[in-house]
Structures are given as structure tokens and as C-alpha cells.
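K.L.:
structure here, sequence nowhere to be found:
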């Protein structure tokens, strides 16, 4: 269990309430953006740790993030999450997020590795007030592909619900049963082990922004992030699938392919574009992403 409440105090976002129970912990608040921006303390960076190293069947994890008016936070994780093979019981994670007026949350966890025979469900609900915004992503790798493992047993479910003033903006329910048929089906993974979703809601998105997001993929689809946030090529993989869709009050990016670095780099570039275009923020990449 992890509960965090953020508030704006004299131009600085601080954590005013914190509760945690093992295996979830949060590092001390960070303000890396103040090094390049005089108002960088408006954005509090938080890094979540899972001290057990992974999730096993029967685990129950819950996180609650509450952003009070005018507060701004970026929350990420210290490392990739691991969902181990199940002992017969389902593992679950539930995240509830509340973002008050003129507040903004960037929920950007590192990738999740779903082991073969895992049984896992994750639920994410976001409630936005008027003039609030939310940017989030998730990246999943099915099977330890470096070992030749495929996700052909088990179950994975992901339920996401985002509301603003009680009006649904995005409802997304995904289910991937582990099987050879689904792994290779064009309606499943199509033989590719990595999927990702990025969503931004709370602002009206123009067609020009959507085209810019698409061009970010077309210009440098096979890149990875170095320690100094420079882009360097990685080997071309089997042709991935990607798409960008406008929503009523935001937009959605989807990816299906074989490279975690590929999707993460695209999402990072989209995130940086959104920061410049809508959030009046710079390109402060969390250091844990470059370890």
C-alpha cells in the first residue's frame, strides 16, 4: 500500500501526506528541474520502489495519489516491474488517482515484464477536476524473450478508466490469455512481445500535434536513450505497429513490437513534445531511466 498527497505551498509542490506499507516505498522528493528552471520546484519528482523485487500470485498492491489544486508531480518507478509465474492465485494491483483543479500528474512507470504463466490484473482509475490534466503510459513485455520465453500460459488483464468532472474520457479494457494462438494471432500479439499505451487527457489536441507525434515515430523509430538523453540507433527489429488517435479531450498512442527501447524512446519524445506544447516544462529526464 502506498498513499501520497501532493499540495502546492508557496510555488513548490510538496508531499503533505504519505503512508506506505511493504513492499512499496517512495524515495525522498526530488526537484531536478530547478537546476534549469527558476520555477522548477513547482514539479515534484517521486520514485517508487518495490522492495520485494517482483509480484507473485496472491499479491495485492494498492496505490492512491491525490494532487491538490495547482500541484504538479511526476511519478515513476526505480526499475522494471516483474510479474512472476503464478502459484495458482491471481496477483492484482489497483491504482486510484485524483487530480484537482489546475493540477497535473505525469504517471510514467518503467516497463513491466510479465513472466510466462503469470496471472495478473491491474486496475487504474483517474478522476480529473476541471482544468486538470493527466499524462500516463504503460509498457509491457510478455515473456523473458532474452531467454526465448513466450507468454503462452497464464492471464494478463489491464483496466483503465479516466473521468473528468464525472464524465468518462477514456475506458480501456485489455485481456491477454496466454496461448500460442493468441501470441501469434494478428488480434493478439502477432508474434511480438512488447505492447505500450500512452495517454494524455485534459487538453484539446489539434490535428497538427497529432501529426507531430506521428512524425516523431517516422523520423527516428529505432532509437534508444543514452545516459545523457542523446539518441543513438539500435538494430532494426521485426516491423512494429504503432498508431495515434485523437480523443475528445486528449490523445492516445499505441505500440506493438519487439523492442522496449524502441517504444520507450518514442514515448519519451512524445512526452517531451507535450511538455513543451502544453505543460510549459523543460526536458528533465528522470535519472533512473538512464541507469
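P.N.:
Sure thing, it's come through. Source: prediction; values computed, not measured.
K.L.:
how far away is residue 209 from residue 197?
P.N.:
Taking Cβ to Cβ, to the nearest Å as the measure, residue 209 falls 18 Å from residue 197. Where you see a C-beta, it was placed from the backbone N, CA and C, and this is true even at glycine.
K.L.:
should've said residue 183
P.N.:
Distance from residue 183 to residue 197, by Cβ to Cβ: 19 Å.
K.L.:
mind listing the helices for the protein?
P.N.:
180-184, 207-219, 260-274 (DSSP state H).
K.L.:
now do the buried residues in the shortest one.
P.N.:
Along helix 180-184, the positions that meet the burial threshold by neighbour count (16 or more other Cβ atoms under 10 Å) are 182-183.
K.L.:
so where's the chain shaky on pLDDT?
P.N.:
219-238, 291 (pLDDT under 70).
K.L.:
at 50 what do you get?
P.N.:
By pLDDT under 50, the low-scoring segments of the chain are 221, 223-237.
K.L.:
so what sits opposite the most centrally placed residue in it in the bridge?
P.N.:
Central residue of the chain (Cα atoms, centre = their mean): residue 137, 2.7 Å from the mean position. Residue 137 has these beta-bridge partners by DSSP bridges: residue 198.
K.L.:
can you pull the contacts of it?
P.N.:
107-109, 196-199, 267, 271 (Cβ atoms under 8 Å, 6 or more residues apart in numbering).
K.L.:
between these, which sits nearest residue 77?
P.N.:
Closest to residue 77 out of the contacts of residue 137 is residue 109 (4.5 Å), distances taken as Cβ to Cβ.
K.L.:
touching, the closest one and residue 80? I think so.
P.N.:
No - in this structure, residue 109 is not within contact of residue 80 by Cβ atoms under 8 Å, at 9.1 Å.
K.L.:
give the contact list for the closest residue to residue 212 other than its chain neighbours.
P.N.:
With Cβ to Cβ, 6 or more residues apart in numbering as the criterion, residue 212 has its nearest non-adjacent residue at 6.2 Å, and that residue is residue 273. Applying Cβ under 8 Å, 6+ apart, we find residue 273 in contact with 209, 212-213, 216.
K.L.:
kindly report the same for residue 186.
P.N.:
Counting by Cβ under 8 Å, 6+ apart, residue 186 touches no other residue.
K.L.:
residue 124 now?
P.N.:
Contacts of residue 124 (Cβ under 8 Å, 6+ apart): 95, 97, 136, 158-161.
K.L.:
ok, 10 Å please
P.N.:
By Cβ atoms under 10 Å, 6 or more residues apart in numbering, the contact list for residue 124 reads 63, 93-97, 107, 136, 138, 158-162, 172.
K.L.:
do the same with residue 19
P.N.:
Counting by Cβ under 10 Å, 6+ apart, residue 19 makes contact with 1-5, 64.
K.L.:
show me what it is bridged to.
P.N.:
Beta-bridge partners of residue 19, counted by DSSP bridges, are residue 3.
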